[in-house]
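Engineer: only geometry, no sequence info:
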Ligand code: ADP
Ligand code: MG
């Protein structure tokens with residue numbers, strides 16, 4: 001494109017340099033800490049490169065100062081002047097905010113807080129954050145931290161992003177779907193802005209794009225002809241200050257890494273010289289469980305530390321032992337480490353890649369005098385309130401050792417000072433999606449080698465003498481760990497992605513959009529077929545319905561339900577229900593009980609659980625969707641009386657408090673959007689839905705079916721052609737076989753990878769034991785069911801024990817209503 005060329009060369013030749021600069025006086029200790037950061041030491045080179053190029057890629061290891069320092073440097077060098085500010089000194093070339101995107105809310109809010117603190121009282125109001133449900137942005141905002149989803153929405157409103165002078169895409173190495181989409185879109189917005197700046201310099205300035213990555217793996221962005229066709233962006237590498245870290249692999253890889261982790265950390269805490277510990281686990285519940293056990297074990301006499309009031313004992317909902325692939329050995333012969341449980345033995349150095357130096361180093365460490373440190377255990381995960389997250393940045397109390405139990409937010413997003421010992425379980429919980437079957441799961445699976453490296457690196461920031469204990473053997477590491485994490489776009493449903501791109505008039509998504517990593521053509525076609533079925537797309541273009549669906553920041557399926565509900569008087573019901581479905585994971589399953597548990601206590605608990613289930617499914621005891629609706633409605637009433645009452649309600653009824661709060665926030669957001677479209681016809685606040693009566697119930701079920709029109713299952717014994725139904729008669733509801741629809745319900749979406757035989761066979765599915773339908777007798781089971789998810793238990797690979805595919809949550813629907 002000659003225009004692109006000319007813009008590119010214009011950009012190259014006249015390096016753009018804002019005239020106005022800003023000098024910020026920072027507190028002395030802040031300034032000292034900044035000056036030690038590699039990014040600040042390299043300020044000159046970084047700023048020159050950004051001045052001279054429209055797109056810059058900046059790589060620097062975690063903790064080098066990318067997130068907190070580059071925005072401040074840009075501000076000091078004249079970018080981010082306020083749009084409303086018309087004083088002549090302000091340079092038009094830099095008008096607009098400095099926007100920084102993060103894949104996670106936790107990173108956006110905590111980085112904004114940190115930068116505000118570093119900027120000091122005079123300038124702290126220049127920085128703000130915006131995440132879903134929460135923003136501090138004002139007229140004074142010059143630096144805006146936000147989630148990548150927030151910026152994507154803004155591009156839909158204003159494609160040229162005229163409010164910004166710079167956009168920084170942070171954590172690009174994580175390859176979240178939103179980040180990938182943003183980079184693709186920005187590769188088009190940047191030249192467009194350059195053009196606008198030439199044509200209307202009084203209105204637009206060129207847009208700077210800075211892509212930041214904690215790793216050097218940026219090839220997908222660089223060597224992609226379509227992404228940056230004219231000029232390859234320069235790659236700046238900031239040297240990290242990384243001390244070497246001693247690696248300790250386990251000799252055997254245990255399946256129950258949670259127990260092993262508790263053991264190892266407890267022994268490590270008793271034996272190791274001072275230094276903070278960072279423990280990588282997979283999720284919130286697991287962290288709560290480990291915190292509780294460690295507190296019990298290490299704190300027998302003293303109290304304090306971590307507040308357990310929110311803790312539940314079941315550390316993972318539906319949690320299954322990690323895997324059954326070979327390479328796993330449970331408690332086999334010579335794991336000397338385990339036999340030496342506890343007190344007398346020093347912490348063992350396991351099999352290691354390194355030479356004996358590791359052992360010597362550790363033994364030398366042990367000879368250092370040490371007092372008995374008390375543990376200072378802190379959890380760190382995305383859903384934790386910001387104030388509690390901030391605790392990891394505070395110096396621990398005198399005489400304690402900080403032990404941070406974290407998910408992979410601590411891998412690159414947050415840098416905790418003073419970490420010397422890392423314990424890595426080697427797993428993470430990832431969203432997985434099987435495109436062919438449509439089954440989505442949250443699986444605990446091995447991390448990549450690159451992630452393991454990042455985790456290890458957390459022990460090498462403060463000084464020498466860092467160690468990492470890996471709860472897996474080097475053989476497992478070599479055999480099962482992928483080199484890099486698979487980009488999220490390859491493991492997620494694409495309906496939402498395709499619809500968003502159609503909104504930008506990109507008709508042929510596969511051909512026209514510069515994906516950093518392109519999803520398979522077939523998957524894009526499937527997504528398109530579903531959008532056709534929802535009526536969101538007509539031909540290749542987004543329809544009017546599609547536009548309305550897209551207004552709601554939820555999956556297009558839920559958007560469809562909301563759009564339909566507006567016209568049939570069930571809007572409040574649909575809002576509450578889709579909020580519940582979209583947030584998901586609202587219920588805490590009944591705890592598994594052990595034989596030795598006190599039976600009286602167990603009985604009481606069972607009864608309370610039963611009462612809660614009866615209360616929640618009172619409106620209709622044959623529909624999970626209606627149960628969810630009632631749960632949300634009841635919670636809403638308590639929530640309006642304050643957080644304490646809502647918490648109490650959740651506790652009494654086996655509801656997850658965090659999820660329920662998010663449901664209420666989403667309800668409010670969805671309602672506000674619907675209200676804006678209704679020209680004020682709706683009330684200010686969402687009304688609490690009441691019990692659906694008579695026809696309403698049927699219409700509600702139909703609404704759900706409209707959003708999940710491809711997710712209807714029919715009872716297998718109703719199908720004449722079905723050979724399987726001749727088998728053993730099911731004794732329980734959960735054994736009743738259903739068949740899903742054939743893979744395609746329109747011509748557009750035929751699964752070409754399936755053999756003709758496979759296409760004929762419908763998938764055999766069963767209801768989930770958590771469903772309200774599970775208590776019915778087999779003969780009472782409905783003929784048709786609408787489901788929202790298919791799932792399979794994680795450990796599905798034990799030979800001969802193929803787990804069943806289960807549907808949940810469920811809405812029964814009559815044949816007439818379905819038609
Ligand atoms: P990067 O983005 O390159 O990983 P950051 O800018 O996040 O690096 O962090 C730079 C340094 O600032 C880190 O070494 C960390 O110790 C410190 N830091 C970051 N956030 C905070 C905070 N909230 N409190 C205290 N120190 C912080
Ligand atoms: Mg960062």
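Structural biologist: Everything's here; your move. It should be emphasised that the depicted structure is a prediction, and the values quoted were computed from it without experimental measurement. Ligands and ions are numbered 1, 2, ... in the order given.
Engineer: the residue sitting nearest the centre point of the chain: what's it in contact with?
Structural biologist: Nearest to the geometric centre of the chain sits residue 104, at 6.7 Å (CA atoms, centre = their mean). By CB atoms under 8 Å, 6 or more residues apart in numbering, the residues touching residue 104 are 147, 382, 409, 413. C-betas here are computed from N, CA, C, even on glycine.
Engineer: go ahead and confirm the third one touches residue 107.
Structural biologist: This means residue 409. Yes: with contact defined as CB atoms under 8 Å, residue 409 and residue 107 form a contacting pair (7.3 Å).
Engineer: between the two, point out the one with more neighbours.
Structural biologist: Per other CB atoms under 10 Å, whichever of residue 409 and residue 107 has more neighbours is residue 107, with 25 against 18.
Engineer: so the more buried one makes contact with residue 410?
Structural biologist: No: Residue 107 is beyond contact range of residue 410, at 10.7 Å (criterion: CB under 8 Å).
Engineer: does anything pack onto the helix or strand where residue 263 lies? Which helices or strands?
Structural biologist: Secondary structure assignment for residue 263, by DSSP states H and E: helix 257-271. With contacts defined as 3 or more CB pairs under 8 Å, 6 or more residues apart in numbering; DSSP states H and E, helix 257-271 has these neighbours: strand 276-280, helix 284-298, strand 400-406, strand 419-424.
Engineer: and those, which one's lowest on average pLDDT?
Structural biologist: Note on these: lowest mean pLDDT is at helix 284-298, with a mean of 92.
Engineer: do you know how far residue 277 is from ligand 2?
Structural biologist: Distance of residue 277 to ligand 2, given as CB to the ion, to the nearest Å: 22 Å.
Engineer: tell me how many other residues crowd that residue.
Structural biologist: Neighbour number of residue 277 under other CB under 10 Å is 25.
Engineer: contacts for stretch 209-218?
Structural biologist: Stretch 209-218 is contacted from outside by 50, 54-62, 66-67, 70, 166-173, 183, 186, 190, 221, 233, 235, 237, 412, 450, 454, 484, using CB under 8 Å, 6+ apart.
Engineer: buried ones among the residues you listed?
Structural biologist: Buried members of the contacts of stretch 209-218, scored by 16 or more other CB atoms under 10 Å, are 50, 54-62, 66-67, 70, 166-173, 183, 186, 190, 221, 233, 235, 412, 450, 454.
Engineer: which of these are close to ligand 1?
Structural biologist: 60, 62, 66, 67 (CB under 6 Å from any ligand atom).
Engineer: and the first one, its phi and psi?
Structural biologist: Backbone torsions for residue 60, taken as degrees, to the nearest 10, come to phi -160, psi 140.
Engineer: ditto for the third one
Structural biologist: Note on residue 66: backbone dihedrals following degrees, to the nearest 10 are phi -60, psi -60.
Engineer: look at the closest residue to it other than its chain neighbours and tell me its secondary structure.
Structural biologist: Leaving aside its chain neighbours, residue 66 sits nearest to residue 212 (4.8 Å; criterion: CB to CB, 6 or more residues apart in numbering). Secondary structure for residue 212, judged by DSSP: H, G, I helix; E, B strand; the rest coil, is strand.
Engineer: hey, what's residue 212 bridged with?
Structural biologist: Beta bridges link residue 212 to residue 58 when assigned by DSSP bridges.
Engineer: how near is the closest residue to residue 566 other than its chain neighbours to ligand 1?
Structural biologist: The spatial neighbour of residue 566 that comes closest, neighbours along the chain excluded (CB to CB, 6+ apart), is residue 674 at 6.7 Å. Noted for residue 674: a distance of 37 Å to ligand 1, by CB to the nearest ligand atom, to the nearest Å.
Engineer: average pLDDT across whichever strand or helix holds residue 674?
Structural biologist: For residue 674, the element it lies in under DSSP H and E is helix 657-677. Per-residue pLDDT over helix 657-677 has a mean of 91.
Engineer: could you point out which element follows it?
Structural biologist: According to DSSP H and E, the helix or strand after helix 657-677 is helix 695-707.
Engineer: just after that following helix, pick out the following helix or strand.
Structural biologist: strand 712-715.
Engineer: how about the residue in the stretch 151-300 of the chain positioned nearest to ligand 2, what does it touch?
Structural biologist: Using CB to the ion, residue 170 is the residue of the stretch 151-300 of the chain that sits closest to ligand 2, at 5.7 Å. Under the criterion of CB under 8 Å, 6+ apart, the contact partners of residue 170 comprise 66, 67, 100, 101, 102, 107, 212.
Engineer: could the residues you listed go into a markdown table alongside distance to residue 257 and secondary structure?
Structural biologist: Listed next are those as a markdown table, based on distance: CB to CB, whole Å; DSSP: H, G, I helix; E, B strand; the rest coil:
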| residue | distance to residue 257 | secondary structure |
| --- | --- | --- |
| 66 | 31 | helix |
| 67 | 30 | helix |
| 100 | 35 | strand |
| 101 | 33 | strand |
| 102 | 29 | strand |
| 107 | 26 | helix |
| 212 | 32 | strand |
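Engineer: of those, the lowest pLDDT goes to which?
Structural biologist: residue 107 (91).
Engineer: how far away is that residue from ligand 1?
Structural biologist: From residue 107 to ligand 1 the distance is 8 Å (CB to the nearest ligand atom).
Engineer: same question for residue 713.
Structural biologist: Distance, residue 713 to ligand 1, using CB to the nearest ligand atom: 47 Å.
Engineer: now the residue nearest to that residue when sequence neighbours are not counted, what are its backbone angles?
Structural biologist: Closest residue in space to residue 713, ignoring its immediate chain neighbours: residue 738 at 3.9 Å, by CB to CB, 6+ apart. The phi/psi pair for residue 738 (degrees, to the nearest 10) reads phi -120, psi 160.
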